[in-house]
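**Student:** Sequence and predicted structure below; questions after.
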Amino acid sequence: MRCLTDNEAADLVSGFLDMETAAAANAHAACCPACTKRIGRFSDIIDHLRADATEFDDKSFGAEIMTLIDLGRAEEHRLPQTKWSISWKTGVVAAAAAVVLISITALQLSGDRKDNVPAANWHSPENAHRFASRGAADATDQWVSLTMFARRDQNDRAMFYPVDETIFTDTAVAFAYEDHSASPFSYLMVFAVDSNGTVFWYYPARDPGGAQMSIATAGGREKTPLPDEVTHELTPGPIRFFGIFSRVPLQAEHVEGIVKRQLAATRDLSTLTRMDIEETGQWTRQLAVREKASE
Amino acid sequence: MTVFLKALPDHPESSMDNISDDDLMHLSSLDRKDAFEMLVARHGSFVFGLAVRFMGDRQTGRDIAQDVFLSLWAQRKHYQRNGTFKSYLAAVCLNRCRNASRSKKNQERRIKHMELETGPIEADVADLPLDTLLKSERAREIRERLCRLPEATKTVLIYRFVHDMSLLEIASLTGMPMGTVKSHVSRGLVRIARMLKKEG
């Protein structure tokens, strides 16, 4: 077996690998000092993250709260509104806002129709980073979108900004997705392809030889951030990002094959705006990659 | 619930060990402090641990956890069951943590507290065995990196390793799919490892 990647070592110590893979990884680590060290590093992190047996077992904590309640101090505290404590008034306001929004949208649509713009083209490829009706024969009920963010460190703090037209070769990128389909999709994969046909996987994280599948989505209409930012060593030049929303999990290897076949046929990233995968909602956006950001 | 509550003795000394969280909350809404005390006993360490690890500072975390329970008592008559009680508590606690993180005052306090935390370790060097000191310093380093992770990843790692929750429990508490929970755990660990390596 080859050496473990960081992700595999983390999965091993977290107990996420199946028994067979874990046994192979352990057998390899037993005769590979580098992997032993890598696994040890993750075990060490987990050990130190764990709470000491009595760390949060503070008997005075509960007594203190009850004393403050007895003293009438609780009345000074009010819960912030959570999704479970939204009053009926909020519902009425939201409903009224929805009616206004629908009316405005209907007016806009009727205006567009006068100009003979086909409904399926309201979201042109130029605007593909906005909501794009691209899946299942461009049905307008399947609106999916990704927003890309680039990480910039400022004063030792990580800040995220929406990606404009360019990213650097070492930019850490994060994503948030929205699914406004009438019947939301359940799975998502995010990847990019450059003009050399190299595919960079963001979700799922794809290691060579692995058989990763699409990740499951929450399926809501809210903008949902994906867990982490991801950095790849990109090559300067054009790059096209894809978000493929599907109802069944897709295999990264299979999708990568489709990407390469289609790119070989078109030889042009700018026209590669849709993957030939049925029953999917697709988002795409082409960017330019520039040389590594200067320190 | 109503049937169960009818059968429940009104006497405050009655054992509440077997009563569900929602029923205890219902009793609390009827001003039964003993029921609320049981809720605090059941979930106090969970909320306390979540807030402390999230904020990276024991005192701020303790204040937030206390605030969560006092607010809950103040709003007891308006509590509506929707999801589990524990997930409700977690949502309220994380909301408070978020607000506190945004407060500049708290940021400064946390930095001050982190400095204070490192102070006594150096001062008491003579009294503590070296390996205890090293372990304590290592834990501080790792927990400080945990605080810098994106919120969702940080929360999942806290649930998994501080509260020892299963993936299924975390998924039901956060509403995330299992695959996303796993991904948060792996990526969180990898990011902490890389931060430690990069920053020596």
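**Tutor:** That came in fine, so what should we check first? Numbering: from 1, shown residues only, chains lettered A, B, ... in the order given.

**Student:** Going along the chain, name the helices of chain A.
**Tutor:** Under the criterion DSSP state H, chain A contains helices at A:6-14, A:19-30, A:33-49, A:59-70, A:88-114, A:252-266.

**Student:** Among the ones you listed, show me which one is buried the most.
**Tutor:** Mean neighbour count (mean count of other C-beta atoms under 10 Å in any protein chain shown) peaks for helix A:6-14 among the helices of chain A, with a mean of 21. C-beta coordinates here come from the backbone N, C-alpha and C atoms, glycine included.

**Student:** what's the angle from that helix to helix A:19-30?
**Tutor:** With axes from the mean of the first three to the mean of the last three C-alpha atoms, to 10 degrees defining the directions, helix A:6-14 sits at 110 degrees from helix A:19-30.

**Student:** Would you mind pulling the contact partners of helix A:6-14?
**Tutor:** Contacts to helix A:6-14, defined as C-beta atoms under 8 Å, 6 or more residues apart in numbering or on different chains, come from residues A:4, A:17, A:22, A:25-26, A:35, A:38-39, A:41-43, A:46, A:205, A:207, B:160, B:182, B:185-187, B:189-190, B:193-194.

**Student:** Just the C-alpha atoms of the lengthiest helix in chain B, please, in PDB.
**Tutor:** Across chain B, the longest stretch assigned as helix under DSSP H is helix B:33-55. The C-alpha trace of helix B:33-55 is given here as PDB (Å, rounded to 0.1, in the frame of the first residue of the first chain):
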ATOM      1  CA  LYS B  33     -38.000  25.000  39.500                       C
ATOM      2  CA  ASP B  34     -37.100  21.400  40.400                       C
ATOM      3  CA  ALA B  35     -37.800  20.400  36.800                       C
ATOM      4  CA  PHE B  36     -35.600  23.100  35.500                       C
ATOM      5  CA  GLU B  37     -32.900  22.200  37.900                       C
ATOM      6  CA  MET B  38     -33.000  18.700  36.500                       C
ATOM      7  CA  LEU B  39     -32.600  20.100  33.000                       C
ATOM      8  CA  VAL B  40     -29.600  22.100  34.100                       C
ATOM      9  CA  ALA B  41     -28.100  19.000  35.700                       C
ATOM     10  CA  ARG B  42     -28.600  17.000  32.500                       C
ATOM     11  CA  HIS B  43     -27.300  19.500  30.000                       C
ATOM     12  CA  GLY B  44     -25.200  21.900  32.000                       C
ATOM     13  CA  SER B  45     -21.900  20.300  31.200                       C
ATOM     14  CA  PHE B  46     -22.900  20.000  27.500                       C
ATOM     15  CA  VAL B  47     -23.600  23.700  27.100                       C
ATOM     16  CA  PHE B  48     -20.700  24.600  29.300                       C
ATOM     17  CA  GLY B  49     -18.200  22.500  27.300                       C
ATOM     18  CA  LEU B  50     -19.600  23.700  24.000                       C
ATOM     19  CA  ALA B  51     -19.300  27.400  25.000                       C
ATOM     20  CA  VAL B  52     -15.800  27.000  26.500                       C
ATOM     21  CA  ARG B  53     -14.300  25.200  23.600                       C
ATOM     22  CA  PHE B  54     -16.100  27.500  21.100                       C
ATOM     23  CA  MET B  55     -14.800  30.600  22.700                       C
END
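
**Student:** ok, it near chain A or not?
**Tutor:** Yes - taking C-beta under 8 Å from any C-beta of the partner chain as the criterion, helix B:33-55 and chain A are in contact, through B:33, B:36, B:37, B:40, B:41, B:44, B:45, B:46, B:48, B:49, B:52, B:53.

**Student:** Now for the second one: which residues touch it?
**Tutor:** Meaning residue B:36. Residues in contact with residue B:36 (C-beta under 8 Å, 6+ apart) are A:66, A:69, B:24, B:27, B:28, B:72, B:73, B:76.

**Student:** repeat that for 6 Å
**Tutor:** By C-beta atoms under 6 Å, 6 or more residues apart in numbering or on different chains, the residues touching residue B:36 are B:28, B:73.

**Student:** And it, how far from residue B:72?
**Tutor:** As judged by C-beta to C-beta, to the nearest Å, residue B:36 and residue B:72 stand 8 Å apart.

**Student:** So which residues on chain A come close to chain B?
**Tutor:** Within chain A, the positions lying close to chain B (C-beta under 6 Å from any C-beta of the partner chain) are A:6-7, A:10-11, A:14, A:16, A:41-42, A:45-46, A:48-51, A:56-57, A:61-62, A:65-66, A:69, A:74-75, A:77, A:79-80, A:82, A:84, A:215-216, A:227-228.
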